[in-house]
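Chemist: Got a sequence here, can you model it:
(chains A, B, C and D)
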Protein chains: 4
Amino acid sequence: MAEKAVTAPFDGAFIQNVPAADANTVEKALATAYGLYRDRSSWIPKHKRLEILRKTAEIIKERREDLALQAAREGGKPLPDSLVEIDRAADGVENCIEVIRAEGGNVIPMGVNAASVGRMAFTQFEPIGVVVAVSAFNHPFNLIVHQVAPAVATGCPVIVKPAEATPISCFNFVDILREAGLPEEWCQVVVPENREISTSLVTDARVAFFSFIGSGKVGWSLRSQLAPGARCALEHGGAAPVIYAKDADMAASLPLLAKGGLYHAGQVCVSVQRVFADATVAGDLADGLAELALKMKVGDPTLPDTEVGPIIKKSEADRIEEWIKEAVDGGAKLVCGGERLSDSLIQPTILLNPPPDVRVSQMEIFGPVICVYSYDNMDDALAQANSLPVAFQAAVFTQNLDTALYAYKHLDGTAIMVNDHTAFRVDWMPFAGARQSGHGVGGIPFTIHEMQTEKMMVMRSSAI
Amino acid sequence: MAEKAVTAPFDGAFIQNVPAADANTVEKALATAYGLYRDRSSWIPKHKRLEILRKTAEIIKERREDLALQAAREGGKPLPDSLVEIDRAADGVENCIEVIRAEGGNVIPMGVNAASVGRMAFTQFEPIGVVVAVSAFNHPFNLIVHQVAPAVATGCPVIVKPAEATPISCFNFVDILREAGLPEEWCQVVVPENREISTSLVTDARVAFFSFIGSGKVGWSLRSQLAPGARCALEHGGAAPVIYAKDADMAASLPLLAKGGLYHAGQVCVSVQRVFADATVAGDLADGLAELALKMKVGDPTLPDTEVGPIIKKSEADRIEEWIKEAVDGGAKLVCGGERLSDSLIQPTILLNPPPDVRVSQMEIFGPVICVYSYDNMDDALAQANSLPVAFQAAVFTQNLDTALYAYKHLDGTAIMVNDHTAFRVDWMPFAGARQSGHGVGGIPFTIHEMQTEKMMVMRSSAI
Amino acid sequence: MAEKAVTAPFDGAFIQNVPAADANTVEKALATAYGLYRDRSSWIPKHKRLEILRKTAEIIKERREDLALQAAREGGKPLPDSLVEIDRAADGVENCIEVIRAEGGNVIPMGVNAASVGRMAFTQFEPIGVVVAVSAFNHPFNLIVHQVAPAVATGCPVIVKPAEATPISCFNFVDILREAGLPEEWCQVVVPENREISTSLVTDARVAFFSFIGSGKVGWSLRSQLAPGARCALEHGGAAPVIYAKDADMAASLPLLAKGGLYHAGQVCVSVQRVFADATVAGDLADGLAELALKMKVGDPTLPDTEVGPIIKKSEADRIEEWIKEAVDGGAKLVCGGERLSDSLIQPTILLNPPPDVRVSQMEIFGPVICVYSYDNMDDALAQANSLPVAFQAAVFTQNLDTALYAYKHLDGTAIMVNDHTAFRVDWMPFAGARQSGHGVGGIPFTIHEMQTEKMMVMRSSAI
Amino acid sequence: MAEKAVTAPFDGAFIQNVPAADANTVEKALATAYGLYRDRSSWIPKHKRLEILRKTAEIIKERREDLALQAAREGGKPLPDSLVEIDRAADGVENCIEVIRAEGGNVIPMGVNAASVGRMAFTQFEPIGVVVAVSAFNHPFNLIVHQVAPAVATGCPVIVKPAEATPISCFNFVDILREAGLPEEWCQVVVPENREISTSLVTDARVAFFSFIGSGKVGWSLRSQLAPGARCALEHGGAAPVIYAKDADMAASLPLLAKGGLYHAGQVCVSVQRVFADATVAGDLADGLAELALKMKVGDPTLPDTEVGPIIKKSEADRIEEWIKEAVDGGAKLVCGGERLSDSLIQPTILLNPPPDVRVSQMEIFGPVICVYSYDNMDDALAQANSLPVAFQAAVFTQNLDTALYAYKHLDGTAIMVNDHTAFRVDWMPFAGARQSGHGVGGIPFTIHEMQTEKMMVMRSSAI
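Modeler: Numbers count the residues shown, from 1 in each chain, chains lettered A, B, ... in the order given. You can find the predicted model right below:
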């Protein structure tokens, strides 16, 4: 079997090979998964699935350090943040259990008009069918959990394709599932040899649900190629805006914004990217962020005190460097950073007032860059914040209640943080890109909902 | 049959007689209601009940002016506010329809452990049984709607005892129900000749649900006398506190507080009574309230421009006068008002810094009196606000988000308004006295919930 | 402006012309709708929208006879059923009001782990954006209500394209909306000159939500052409299966099945099409259905006693005739019907045991045809029922509880009726095609949900 | 300090002493608990409470055998069933965690009429205050969990009074809570020296919520003595009825009914007591039950193969013996059992057709006795089943769907099992006595709900 090499983004060191899937392998995976789905007698009872997930959570907790170190090495997210990721992953698995135990269906009122007399109706949940999950590199363990654990919980056979850069965490999770009792065929990992095979996997008519985390361009293109009947969840990025009012508490907000924008070198889909600050404080804010950015330890993600690690691959680091340069050439003030420390490392960067038409103002940077834009009028800032075709999480910093509510109301997005950064997330909250930022609603309970169909029973009887 | 005379609180004018119920009449009412409940074949189907309520809402809307004028005359609430009351009542009836149409029961998850395998379970709602509703005078039409319309909606036979002072609005509503198609026996009005008969009604073993709006003393005493098996909802009052921070917007808040405290001469169970204001603004606040109070038109509630009407009866006006005097004697500054304009009218009154141990600081005034207490430290104010055994609605005025949240967190109560007065209410929101202020949760959807039992069906089958 | 002629399917009589939209008109409609959406200051407040809908429901009720007659004439559904349709439409508008009044958002728990301490979070609903609704002919008034009223309720600007055959009912509804106070630009009707213009409307980047009722082939194809970021709801058909056990109550079930299969000449997406009956009763069942079918009055849909009206157009009637012939040629027993009475009328038809590979066994007939298949083994029948790529509503007839539950569990579909026909629907219940039968969940409350985004506010504060 | 001796009901053997609480001790407990509640700064954060409960569940699982043996010894429930009890208890603790994590409050819709414009409103949950829990002997560990764990979960200080007969399991659970990190003062166990002290504890004005499991007579009496403002949950018993239709599957139902009626010697509040069987099968049913009853191993509850253990005390066994005698003297056929094997052991007993006026037909037997009543007409049987002032869980056995629905509809009760015994319970389902059988709704999620108040925040702002 062909193999693919996994290397560390920090220094390019070889980590290990993983098996690559050819067309045949993918076909077999689909046939297996679909066969399971269409044969109810093979289904794993709900309480058994919950036992498997309980055991899964336990094992993750036991191996948290190893899993975190491994994720940090292949994915480049610094170890302390990778430990958080593993803890969240265990919690996410437990959340799956909780949701399945709590939500059993709904009662539909009957008898409330003449047409519905003599009936009672309720629903139960059923697995939607074969799930194909295509994942991203930036949270290599927890994203897999978000896409795969709900499938296990709901009883969907799942085929998962990890990011090419970070397959090992995926294999690790799936191995744990199997160790916890999940029969192999219920969760299959494939790393297709090429994009053509990937696409054939995703667009196969046997796929009921396609879960995708990655670039919007790829995601929406795949949506358009899905087979009739296939549903999808897409989670892309944005260029998360922050409204920073002049009455905001700067001391409290600086570390939040710095973390929210530079954490994992900004490779987070809701990373703080565009901070619109009142003109009276914009300069101070940029300077304050720079001060924190300069203190951040940049380097090897497997070390316990690294705060900013590598960019996932050289071409991406090249791109980020180029965008920064474009912004500075266009008139942005480089308050700090901008330097390329190595093939993979970029110094955390604070830009003041990049022009509106450069890429860093228009598109997701996905790098360790925060742009501060000075505004005179909050409505203008809100209009600028809302001017992109993407909209995901956003934030407002202010001490004033009306200002907070005003920004909440007027900012596009699905989650508006008040006095917190845009990358705030807990795994049970809804997490949904609006407009081109995504499709469907992520977050464990919501993914579980999307991976189920609700099947109603309407009983008609003269006895009712 | 004995009768009781209804008179106008404003001037004591005779309005009309209503029939008084002796022990025999009450016994018949109970026997009728219980007989209906125990005979399922007599139950009115849900969709018929909804039709009756639809028609009821229509008739109320058609007669709003008449109903409002009548309510204003017997209850003393000024006409503009009585019109609002009638509109709310019609809306409340519609809300009953909405809730019945929307809520049909719940599914209970099964199959999530070994003990629950092979089962499906769901609930449906059933009427709880005979409802006895004892009502208050201060919203003579809408309170009846709140207690009676949910009973009709849920299919409970209901016996309603209006306040002695304001039975006509009750009869009006019940007449409308009957005109709309409700068979007479499903909603019976009784005005017992004396308290002994009232008590025997409330404490009868055939009563499944006792709904009471009135004084806490009476309510809790009746609770202790209920028959085994009877449930109850009690809605008493409080002495609603407001925290007024120094950064509050005074221009915006003055009319809200004046309305919230003096509306219906303060005869509202969540009326603004105790305003704890930062010492730097307390004086200005009291003066500002006084200015508005002095402008209010006090007088005949049936006139379209009256803002403050009569106290419901002379003895109550005497009591209020006495409490004001006690406070002033104890050191409170009488900023405005305090005068007795007639047997029934009291000038709207603003007191500054009544001592903590006088009755106006300790008990519900239920009169046109707002007390402003100056504070140096908000925590002390919060402690004082929370120091009574009652807790219902409360409020905080501030422009600062943290202050708002802090007050929300620390104020006792079930509803904390931010930059609004304590008497804010819409009829679908939960409305519940905490501690001694009440029992159960009022508000149309919640009362409907309380007047139903949830009946579960668990199907066990090898086929599941 | 170009126009399109609307004619009666029964006899081809000209009814009236409606304006046809060219590319320019469609572009203007999109620009208008998108402009409204992007300018929050133009949004109609929620309570105003509810007032408009209240008035709309009233007007519909006032004009029910006219609206029904008009719908019957252009759409061919017999008058009695068209009256039911108008009543349901009015009820659906009221349901919109109810849902908006009842559902305001959700609270997301915070403080339940270290990462969520110091926060409170809740959501509010916002309109998703521009809705484009493409509708079908078979319920020309109520389908429009299902697609348009939720848009009005949620505050989405909507552009609606009625079925070419039945635009008048759509114009009627939209006229009522406007009469009730909806500004014209919030709901625009377009009847594009050709399919190219239609497609450009649907796939425009300004469209946030595409609602489609019609053929699966067209629907899924349009899904694949949607702009990035656009969501969709598709409602197609199926070939609804019924499991008929030997212990079913034949006297009770015959009229239900006959109605469910032949109502509106079977032009209903959940029409009873494939009845799998136990071999011991299949013949009697087919004979019983034939007896009822033969009694049905076939003819002019505008007459008050017509039970089965015309097929929507000649080419469709030709197709149905051909499918029947194919089945009979293939070995099906023609128990009754099969005759072409006119260009538009087909005699209600009962077929016994069509072979599995003919079109009537494989695809949606959308005509007045019920197929009865005899089975020896219920599992085989279930497998056959589930063998198509479509799955919507289904039914089981039996007196046995275990059999009912077994069929409920094993039948594919989103709603399984017990002792009722597959076309049972009330407008507030979920109505969703599974697999290729649709996308998203229809039914007023669910469409309202889909036309909104949920916007979360996360407040972070040291005061929490 | 005074002590109370705990002895084994099986043979009266001394087990251990537990400390008895005098008036002083109870006063201190109340003062401590109330002090905690009124001092928000002492509250344990939600996520800490969840950690404590997680650890608690773990410890219970580790010690299940010991805990079960101990519970079996003091309470008399046979070991296999006691093991089930401990497992359920651990699961119940986990359910507490789940509920707290899933339910954070509710959003109340605003802006839906003119009065609510410019506002947003949502609720959060708060602990209701001091909980006093008085428990029963029959599930000595799990009932404590049901009453105490929700208090811990919600943050209510709790004082628990175990049944006099079975305090050790309570101490065991509370010790585990403390070992898991709960500060002692948050959960205090008291075994009052006498009933007067108990009553003073329950009726103290500092008690916010009184949770009681035990006899209806005591419960309702205590309800009438509660302080104003105190809420309560009462869980009493019934005399659970079963409707057994002639088409029921006897082979399948016999073991269920035998278990449901004789399990724990019938000392279960929803034990199968009154089986109304169609006259054609009543005799066979009674004989079949007798056959199973005679095979049951009666004896020492700590042995692994005991199926029926002792009655909790001699006086209760005397009472049961007397009721059986009364029934037989009155004409009941003693199909099997009725013998007193020792002071504590009674042979499982099946009675056929006891007269309707004997105690076993009128009151809860709480002993190993099943009565079978032959009926000719199901409506008569339903009327008899519903004739008592108690109503809790009930059941129907039939293969016919209409019969099942008919019985579900007509049986009084809050849970009607179809083809399962009346004692079916899982800990997350609602468990509520209707009428005199109880007050409030038990079951972990519901108790959590009752131990919280919902506190609404209404934000009014021009920015909304």
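Chemist: In the stretch 351-464 of chain A, where is pLDDT below threshold?
Modeler: Within the stretch 351-464 of chain A, no range satisfies pLDDT under 70.
Chemist: quick one, helices of the stretch 351-464 of chain A?
Modeler: For the stretch 351-464 of chain A, the helices defined by DSSP state H, counting those that start in this stretch cover A:359-362, A:378-385, A:401-410, A:444-450.
Chemist: right, and these - which one's nearest residue B:303?
Modeler: helix A:401-410 (37.5 Å; CB to CB). Heads up, the C-betas are built off the backbone N, CA and C, glycines and all.
Chemist: For the residue of the stretch 351-464 of chain A found nearest chain B, list the residues it contacts.
Modeler: For the stretch 351-464 of chain A, the residue positioned closest to chain B under CB to the nearest CB is residue A:401, at a distance of 4.6 Å. Counting by CB atoms under 8 Å, 6 or more residues apart in numbering or on different chains, residue A:401 touches B:398, B:399, B:400, B:401, B:404, B:418, B:419, D:459, D:461.
Chemist: Can you say which of the helices of the stretch 351-464 of chain A is nearest to residue C:187?
Modeler: Taking the helices of the stretch 351-464 of chain A one by one with CB to CB, helix A:401-410 is closest: 24.2 Å.
Chemist: what's the angle from the closest one to helix B:401-410?
Modeler: Orientation of helix A:401-410 against helix B:401-410 (axes from the mean of the first three to the mean of the last three CA atoms, to 10 degrees) gives an angle of 100 degrees.
Chemist: Could you tell me how far helix A:401-410 lies from the centre of the chain?
Modeler: 26 Å (CA atoms, centre = their mean, to the nearest Å).
Chemist: unless I'm mixing things up, residue A:76 is touching residue A:306, no?
Modeler: No - the criterion here is CB atoms under 8 Å, and residue A:76 misses it with residue A:306 at 9.8 Å.
Chemist: Please identify which of the two sits among more neighbours.
Modeler: residue A:76 (31 against 22; other CB atoms under 10 Å in any protein chain shown).
Chemist: what's the spacing between the more buried one and residue C:321?
Modeler: 67 Å (CB to CB, to the nearest Å).
Chemist: Mind listing the residues bridging to the residue in the stretch 251-400 of chain A that chain D sits nearest to?
Modeler: Using CB to the nearest CB, the closest approach of the stretch 251-400 of chain A to chain D is made by residue A:400 at 9.4 Å. With DSSP bridges as the criterion, residue A:400 is bridged to residue B:400.
Chemist: Quick one: residues contacting it.
Modeler: Applying CB under 8 Å, 6+ apart to residue A:400 gives the contacts A:245, A:247, B:399, B:400, B:401.
Chemist: Endpoints of stretch A:130-143, how far apart?
Modeler: Start to finish, the residues bounding stretch A:130-143 are 18 Å apart (CA to CA, to the nearest Å).
Chemist: do it and chain C meet?
Modeler: No - Stretch A:130-143 stays clear of chain C (CB under 8 Å from any CB of the partner chain), getting no nearer than 11.6 Å.
Chemist: hmm, back to that, nearest approach to residue A:107 belongs to which of the helices of the stretch 351-464 of chain A?
Modeler: helix A:444-450 (17.0 Å).
Chemist: Just the residues contacting that closest one, thanks.
Modeler: So helix A:444-450 is contacted by A:92, A:95-96, A:99-100, A:103, A:128, A:146-147, A:149-150, A:153-154, A:209, A:211, A:231, A:233, A:427-428, A:430-432, A:440-441 (CB under 8 Å, 6+ apart).
Chemist: how far is it from where the chain is centred?
Modeler: On CA atoms, centre = their mean, the centre of helix A:444-450 falls 14 Å from the chain's centre.
Chemist: Once you drop chain neighbours, what's closest to residue A:228?
Modeler: residue C:220 (3.6 Å; CB to CB, 6 or more residues apart in numbering or on different chains).
Chemist: Quick one: residues contacting the one you found.
Modeler: Per CB under 8 Å, 6+ apart, neighbours of residue C:220: A:228, A:229, C:234, C:436.
Chemist: Among the contacts of helix A:444-450, which ones are in strands?
Modeler: Within these, residues falling in strands by DSSP state E are A:209, A:211, A:231, A:233.
Chemist: Assign the residue nearest to residue A:228 to helix, strand or coil.
Modeler: helix (DSSP: H, G, I helix; E, B strand; the rest coil).
Chemist: where's it relative to chain D, distance?
Modeler: Separation of residue C:220 from chain D (CB to the nearest CB, to the nearest Å): 36 Å.
Chemist: Next to chain D, which bits of chain A? Give me the list.
Modeler: Residues of chain A lying near chain D (CB under 8 Å from any CB): A:95, A:97-99, A:101-102, A:120, A:401-403, A:405-406, A:409, A:428, A:459, A:461-464.
Chemist: I'd like the distance between the residue of the stretch 251-400 of chain A closest to chain D and chain C.
Modeler: 13 Å.
Chemist: in chain A, which ranges drop under the pLDDT threshold?
Modeler: A:1.
Chemist: list the contacts for the closest residue to chain D within the stretch 101-250 of chain A?
Modeler: Using CB to the nearest CB, the single residue of the stretch 101-250 of chain A nearest to chain D is residue A:102, 5.4 Å away. Shown in contact with residue A:102 (CB under 8 Å, 6+ apart): B:109, D:98, D:99, D:102.
Chemist: Next, work out how far apart the third one and chain B are.
Modeler: It refers to residue D:99. Taking CB to the nearest CB as the measure, residue D:99 falls 13 Å from chain B.
Chemist: Point out the residues in chain A that sit beside chain B.
Modeler: Residues of chain A lying near chain B (CB under 8 Å from any CB): A:45-47, A:50, A:100-114, A:116-117, A:120-124, A:398-402, A:404, A:418-419.
Chemist: first to last residue in stretch A:416-431, what's the distance?
Modeler: First-to-last residue span, stretch A:416-431, CA to CA: 11 Å.
Chemist: Would that stretch count as contacting chain C?
Modeler: Yes - if you take CB under 8 Å from any CB as the test, stretch A:416-431 does meet chain C, through A:416, A:417, A:418, A:419, A:420, A:424, A:426, A:428, A:429, A:430.
Chemist: Is the last one in contact with residue C:108, as I believe?
Modeler: Right, the one you point to is residue A:430. Yes - look at residue A:430 against residue C:108 with CB under 8 Å: they come within range, at 7.2 Å.
Chemist: Overlap in contacts, the two.
Modeler: C:123, C:456.
Chemist: Show me which of these two is the more surrounded one.
Modeler: residue C:108 (25 against 19).
Chemist: Can you show me the strands along the stretch 1-150 of chain A?
Modeler: Counting by DSSP state E, counting those that start in this stretch, residue ranges of the strands within the stretch 1-150 of chain A are A:3-7, A:14-19, A:107-108, A:119-127, A:130-134.
Chemist: and among those strands, the most buried is which?
Modeler: Neighbour counts (mean count of other CB atoms under 10 Å in any protein chain shown) averaged over each of these peak at strand A:130-134, with a mean of 28.
Chemist: Can you name every helix or strand that it contacts?
Modeler: Strand A:130-134 is packed against helix A:23-38, helix A:142-154, strand A:158-161, helix A:195-202, strand A:207-213, with contacts defined by 3 or more CB pairs under 8 Å, 6 or more residues apart in numbering or on different chains; DSSP states H and E.
Chemist: Send me the host helix or strand of residue A:170 as PDB with only the CA atoms.
Modeler: According to DSSP states H and E, residue A:170 maps onto helix A:167-179. Provided in PDB are the C-alpha atoms of helix A:167-179 (Å, rounded to 0.1, in the frame of the first residue of the first chain):
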ATOM      1  CA  PRO A 167      -3.400  12.500  10.200                       C
ATOM      2  CA  ILE A 168      -1.700  10.900  13.200                       C
ATOM      3  CA  SER A 169      -4.000  12.500  15.800                       C
ATOM      4  CA  CYS A 170      -6.900  11.200  13.800                       C
ATOM      5  CA  PHE A 171      -5.500   7.700  13.800                       C
ATOM      6  CA  ASN A 172      -4.900   8.100  17.500                       C
ATOM      7  CA  PHE A 173      -8.500   9.000  18.200                       C
ATOM      8  CA  VAL A 174      -9.900   6.300  16.000                       C
ATOM      9  CA  ASP A 175      -7.600   3.700  17.600                       C
ATOM     10  CA  ILE A 176      -9.000   4.800  21.000                       C
ATOM     11  CA  LEU A 177     -12.500   4.400  19.700                       C
ATOM     12  CA  ARG A 178     -11.700   0.900  18.700                       C
ATOM     13  CA  GLU A 179     -10.000   0.100  21.900                       C
END
